[in-house]
Every structure is written in structure tokens, then in C-alpha cells.
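Participant: Following is a predicted model, sequence given first.
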Amino acid sequence: MGASVGGPPVSFLDARKISVTYGDAPILERVNLGVDEGSFVTIIGASGCGKSTFLRLLLGQETPTSGEISIDGAAIAPEPDPGRGVVFQKYSVFPHLTVRQNLMLPFEFDGSRLLARLFGRRRREAADMAGRMMDKIGLAHASERYPAQLSGGMQQRLAIGQALLKRPRILLLDEPFGALDPGTRKDMQAMLLDLWTETGMTVFMVTHDIQEAFDLGTRLIVFDKVRHDPQFPAAYGATITYDLPLKTREGLTPDMQTVRAITATKTRTTIHDA
Ligand SMILES: Nc1ncnc2c1ncn2[C@@H]1O[C@H](COP(=O)(O)OP(=O)(O)OP(=O)(O)O)[C@@H](O)[C@H]1O
């Protein structure tokens, strides 16, 4: 926790009274959230309630209609930032580039915004880092393949590797494993937890799979509407209705050991559309 000058303590990521309205449709209302660095926040909620919108706010891709978001005490910059990486459900890698080229690209853009090419020593360093990332995400054997020649799980591993190359402090994941089969999904979850443990980054992950939310998160937040008008379903926006601490980086909280024992006996549950 940091401290704001003359104000209350500020968390690593601090969202205060966030509202988002599209046209006259309220999507998010009075969202307040303080998150410590290194947390793994899983986010669930009915389809269309504004989870992706919330991630876009954290990414700086959108600005809230009202309210403020700060990271490390500074207002979030309304533009992409190497400190924040993002992975979407649908593969966000470049289809015309090989695995190796996809992993070189973030460095190429840094080297020259105009040509997107690197030369000499910087090129060798970038190739070295791309190579290490390929090993880490288990794609070294597929380095010269194009995304269309990879399985869904391999493409998502590549997308995660690409997002992590610039060592972001915050990783935003929007249903990253939603399109994968259960076996691949388990492998991907394990890989993500390893990377999170290793890097100490703060993760926000939207998922529709409650079990996944419990298994991966140190904290689970639920978006829902607190006010409903049956005549006008779009009259009110969603906010955070549950905020559950699940575990520390070291292990489960005592409460969660009990919850975990109960949920482990149930089959996987999925939140259905509102
Ligand atoms: N740029 C936009 N302009 C207008 N409406 C938008 C815009 N982006 C999103 N919306 C609307 O805002 C609402 C919230 O969308 P959002 O994608 O954040 O929901 P979500 O909870 O992530 O949904 P899902 O779980 O289905 O992905 C939806 O009704 C959507 O149609």
C-alpha cells in the first residue's frame, strides 16, 4: 500500500467510484476496488454485465464516464503501456508472422516505430529473450510455424508469451482459456500460475468458469446489478457485489480451505447469460 498526500492510503491499483455509460445506457456504476501488487484477481459475472469494459478501463483503452483509476498512485494513462499486457479469448497473435517473429515483434516496435526492425546487438538481445520465452511457453519446437499451424492451446501460449515479453506489472486476461478443451485448459492454468509466481505480476482474469476462478485467484470479484427494473433491463449498471479473499501467494486462507473442500466435490459450474 502507498499513501496519497493528505488522503487515505492508496492500493497498488485503486479504482474509485467508477461509472461507465454508453449513450444513455449505464454499464458500470460506482465500482470501488483496491488491489495489492502481486494479487491474482479473478472476475466473474453474467454475460454483458461489463467485465470486459472494466478490463479495458484498466488497460487505459477507455476512460470511465466518472471516477478515477490509479496505478502506484498515478492516474492511469489513456494509452497502451508496456507495464500492462493483455490477452483476449480469441487469438491476438499476428497470423502472417511465425512464432519466433511474433515474439520478436514487441522489441522490433521498440527499436523503430517506422520500420519495426532491429539491428545488431539489440537484435541479438531481442532474439535471445524471444528464445527464452519460447522455452518457457513450450513452443521452441514450433518456432518457425505460423499461428494457423498451431493448436488453440499453442496459440494462446504464444499470446501469453507475447504479452509477458515486456515484463508487464499487470496482466489482463479476458477469458483466455474459454475456447480450449478441458485438458489443454488445465495445462494452461498451471503454466499461468508458474509465470505469475515467477514474475510477481498482478493478474486480472475474466472467466466464465467458477471453478477456474476459485482455483487460480487470490481474490474473486463478482460483477452484478444491485438494482433491477424488469420493464427496462438496461436501466441500471453493474457493480462489484462480492469480493472474496481466496488465498495469499503462499496458500489458501483458512476459510477457503473449507470452501475448497466443498467445491471440489461439485462438478464444474458455469455462469449462464443473464
Ligand atoms: N463501445 C461500446 N459502445 C456501446 N456499448 C458497448 C460498447 N462496448 C460494450 N458495450 C456494451 O456494454 C455492455 C457490457 O459489455 P462487456 O463486453 O463489458 O460485457 P462482459 O461482461 O464482458 O460480457 P461477456 O461475458 O459476454 O464477454 C454490453 O451490453 C455491450 O453491448
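Facilitator: That came through, no problem.

Participant: Dump stretch 192-205 to CSV, keeping only the CA atoms.
Facilitator: Included here for stretch 192-205 are C-alpha records, laid out as CSV according to Å, rounded to 0.1, in the frame of the first residue of the first chain:
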residue,chain,number,x,y,z
LEU,A,192,-0.1,-19.2,-16.0
LEU,A,193,0.3,-19.9,-12.2
ASP,A,194,4.0,-20.7,-12.8
LEU,A,195,4.5,-17.4,-14.7
TRP,A,196,2.6,-15.5,-12.0
THR,A,197,4.7,-17.0,-9.2
GLU,A,198,7.9,-16.4,-11.1
THR,A,199,7.2,-12.8,-12.1
GLY,A,200,5.3,-11.4,-9.2
MET,A,201,3.0,-9.6,-11.6
THR,A,202,-0.6,-8.6,-10.8
VAL,A,203,-3.2,-10.5,-12.8
PHE,A,204,-6.8,-9.7,-13.6
MET,A,205,-8.6,-12.5,-15.3
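
Participant: Show residues contacting it.
Facilitator: By Cβ atoms under 8 Å, 6 or more residues apart in numbering, the surrounding residues in contact with stretch 192-205 are 12-13, 35-43, 55, 58, 136, 160, 164, 167-173, 176, 213, 216-217, 249. Just so you know, the C-beta spots here come from the backbone N, C-alpha and C atoms, and that holds for glycine as well.

Participant: Residues of the stretch 1-150 of the chain that sit close to the ligand?
Facilitator: By Cβ under 6 Å from any ligand atom, the part of the stretch 1-150 of the chain that sits against the ligand consists of 22, 27, 45, 47, 48, 49, 50, 51, 52, 53.

Participant: Recalculate using a threshold of 5 Å.
Facilitator: Of all the residues in the stretch 1-150 of the chain, those in contact range of the ligand (Cβ under 5 Å from any ligand atom) are 22, 27, 47, 48, 49, 50, 51, 52, 53.

Participant: And the furthest pair within those residues?
Facilitator: Put simply, by Cβ to Cβ the two of those set farthest apart are 22 and 47, 16.0 Å from each other.

Participant: Which residue, other than its chain neighbours, is closest to residue 219?
Facilitator: The shortest distance from residue 219 to any non-neighbouring residue, by Cβ to Cβ, 6 or more residues apart in numbering, is to residue 41 (5.1 Å).

Participant: err, residue 80, not the other one
Facilitator: Sequence neighbours aside, residue 60 is the residue nearest to residue 80 in space, at 6.8 Å (criterion: Cβ to Cβ, 6+ apart).

Participant: Out of the residues of the stretch 1-150 of the chain next to the ligand, which is nearest to residue 96?
Facilitator: residue 52 (26.3 Å).

Participant: ok, so what distance separates residue 61 from the ligand?
Facilitator: Counting by Cβ to the nearest ligand atom, to the nearest Å, the gap from residue 61 to the ligand is 10 Å.

Participant: what are the phi and psi angles of the residue nearest to that residue when sequence neighbours are not counted?
Facilitator: Excluding the flanking residues, the one nearest residue 61 by Cβ to Cβ, 6+ apart is residue 80, at 7.6 Å. As for residue 80, its main-chain torsions (degrees, to the nearest 10) stand at phi -60, psi 150.

Participant: Surely residue 80 touches residue 106?
Facilitator: No - because the distance of 11.0 Å does not satisfy Cβ atoms under 8 Å, residue 80 is recorded as not touching residue 106.

Participant: Compare those two (neighbour count), which wins?
Facilitator: More neighbours sit around residue 106 than around the other of residue 80 and residue 106, counting by other Cβ atoms under 10 Å; the figures are 18 against 12.

Participant: quick one: contacts for the more buried one?
Facilitator: When contacts are counted by Cβ under 8 Å, 6+ apart, residue 106 touches 82, 162, 165, 166.

Participant: Which one's more surrounded, residue 22 and residue 47?
Facilitator: With neighbours defined as other Cβ under 10 Å, residue 22 and residue 47 compare such that residue 22 has more, 13 against 10.

Participant: Alright, I will stop here.
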